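[1] Please find the sequence and the predicted model below.
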Amino acid sequence: DGGITQSPKYLFRKEGQNVTLSCEQNLNHDAMYWYRQDPGQGLRLIYYSQIVNDFQKGDIAEGYSVSREKKESFPLTVTSAQKNPTAFYLCASTRAAGGQETQYFGPGTRLLVL
Amino acid sequence: RKEVEQDPGPFNVPEGATVAFNCTYSNSASQSFFWYRQDCRKEPKLLMSVYSSGNEDGRFTAQLNRASQYISLLIRDSKLSDSATYLCVVLSGSARQLTFGSGTQLTVLP
């Protein structure tokens, strides 16, 4: 089945630790996105990538980093500089960047700080 | 002012009721509009796009008023399975990014 997978489902981070969240899609989509959702709030854009080897900061990029070495993969690293990382992280993709196309979401990763 | 504002609810309605959600957006140049549904602890899923002429999909009707920068979603004959959070989403800007409202929570009661 085509879709977006995220792993792990739950992730625990210790203080000062970098952690990486995986996002893979087999939809042959060009654009991929990372969002963060806090309780009772909407999704906020962290980073997005419209094409391989290129990515742009979203509204809340500080403390995060990404890479886009392959079309199918867009991993997100939460660095120790992100002081409040506890949230629900959602990866999404769309066939063409910024078009009328629907964004498809992965099942999400819940990150908790120990 | 938030770019996309929704009444957070919660809306608690009996089965069979009609319920309406409203959403306002601040960017008059916004290009496209959507309603997404998000179940508890799950990812958002597209419910329907919103067109200027209004559009209907079964029990769901979406309306857009560009002059007032206002979007609505009407659910008729509510079902228990309609219980979820409904997110108003707007596509705008030169980078054509999606901006999400914080969502309206609906609980349909038996």
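    Here it is on my side, so go on.
[2] Just give me the residue right at the centre of chain A.
    A:Trp34 (2.9 Å; Cα atoms, centre = their mean).
[3] State whether that one is indeed within a strand.
    Yes. Residue state for A:Trp34 (DSSP: H, G, I helix; E, B strand; the rest coil) corresponds to a strand.
[4] Quickly note the distance from it to B:Arg37.
    Relative to B:Arg37, A:Trp34 is positioned 21 Å away (criterion: Cβ to Cβ, to the nearest Å). Any C-beta I mention is one placed from the backbone N, CA and C, and that applies to glycine too.
[5] can you tell me how far the residue nearest to the centre of chain A sits from chain B?
    12 Å (Cβ to the nearest Cβ, to the nearest Å).
[6] Model confidence for A:Tyr33, exactly?
    Per-residue confidence (pLDDT) for A:Tyr33: 93.
[7] quick one, strands of chain B?
    Taking DSSP state E as the criterion, chain B carries its strands at B:4-6, B:11-14, B:19-25, B:32-38, B:44-50, B:55-57, B:60-65, B:70-75, B:84-92, B:97-100, B:104-109.
[8] highest average neighbour count across the ones you listed?
    Most buried of the strands of chain B, by mean neighbour count (mean count of other Cβ atoms under 10 Å in any protein chain shown): strand B:84-92, with a mean of 24.
[9] Residues of chain B that sit close to chain A?
    Residues of chain B lying close to chain A by Cβ under 8 Å from any Cβ of the partner chain are B:4, B:8, B:32, B:34, B:41-46, B:49, B:87, B:91, B:95-103.
[10] Rounded mean pLDDT for stretch B:2-20, please.
    The predicted model assigns stretch B:2-20 a mean pLDDT of 93.
[11] Now the terminal residues of that stretch, how far apart.
    21 Å (Cα to Cα, to the nearest Å).
[12] for stretch B:97-110, same thing?
    Taking Cα to Cα as the measure, stretch B:97-110 stretches 39 Å from start to finish.
[13] ok, A:Asp30 to B:Phe21 distance?
    Applying Cβ to Cβ, one obtains 32 Å for the distance of A:Asp30 from B:Phe21.
[14] Wait, A:Pro107 touches A:Lys9, no?
    Yes. In this structure, A:Pro107 is within contact of A:Lys9 by Cβ atoms under 8 Å, at 7.1 Å.
[15] Name whatever forms a beta bridge with the closest residue to B:Thr61 other than its chain neighbours.
    Closest residue to B:Thr61 apart from its sequence neighbours, by Cβ to Cβ, 6 or more residues apart in numbering or on different chains: B:Leu74 at 4.4 Å. In this entry, B:Leu74 is beta-bridged to B:Ala20, B:Thr61, by DSSP bridges.
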